[in-house]
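In: let me see the structure of the following:
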Amino acid sequence: MNGPESGQRSVVVPAAASKHEVLVAFGKALHLPEYYGTNLDALNDCLQDLASELANGEGEPLTLEWHVHPAFRRDAAYAVVKGILVGAVEAAEGTLTLRILPPDHV
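Out: Sure thing, here's the model as predicted:
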């Protein structure tokens, strides 16, 4: 999906209540490869690969909008996923923007 600016992609990750559902949602939204193992290490690896590609000029800059379910925000895994995302943003050197939002509806 294209973002508001030409040359800017936008991906929305829908709200999910459990760690597994969140990992599946990221996999689907980002079209992660088949070998993506729906675990935190795999999410980190795939997002670091994406960040590296973006930083190297491979692909258009990306805005990642993550809608967080209230139940997942209270889960300890929330901080881990958020940390993975922040790390990817830093590694992407200005080509990846993260927006974390409450869900539109539960």
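In: this structure: strands as residue ranges?
Out: Listed in chain order, the strands found in the chain under DSSP state E are 9-13, 62-67, 96-101.
In: what's the most buried one of these?
Out: With neighbours taken as mean count of other CB atoms under 10 Å, the strands of the chain reach their highest mean count in strand 62-67, at a mean of 20. Every residue, glycine included, has its C-beta placed from N, CA and C.
In: got the contact list for that one?
Out: Applying CB atoms under 8 Å, 6 or more residues apart in numbering, the contact partners of strand 62-67 are 3, 8-15, 30, 50, 54, 85, 92, 95-104.
In: ok, back up a step: can you put the strands of the chain in TSV and add mean pLDDT and distance to Tyr35?
Out: Converted to TSV, these look like this (pLDDT from 0 to 100; distance: least, CB to CB, whole Å):
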stretch	mean pLDDT	distance to Tyr35
strand 9-13	97	20
strand 62-67	98	21
strand 96-101	96	22
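In: now the ones you listed in JSON lines, with distance to Leu43?
Out: Listed next are the strands of the chain as JSON lines, based on distance: least, CB to CB, whole Å:
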{"stretch": "strand 9-13", "distance to Leu43": "11"}
{"stretch": "strand 62-67", "distance to Leu43": "12"}
{"stretch": "strand 96-101", "distance to Leu43": "14"}
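In: between those strands, which one is closest to Ala79.
Out: Comparing the strands of the chain by their distance to Ala79 (CB to CB), the top pick is strand 96-101, with 11.7 Å.
In: and that closest one, which strands flank it?
Out: strand 62-67 (parallel) (DSSP bridges).
In: how far does the partner strand sit from the chain's center?
Out: Strand 62-67 sits 6 Å away from the centroid of its parent chain (CA atoms, centre = their mean, to the nearest Å).
In: just the angle between it and strand 9-13, please?
Out: 20 degrees (axes from the mean of the first three to the mean of the last three CA atoms, to 10 degrees).
In: next, count neighbours for Leu50.
Out: Other residues near Leu50 come to 21 when the count uses other CB atoms under 10 Å.
In: how near is it to Pro70?
Out: 27 Å (CB to CB, to the nearest Å).
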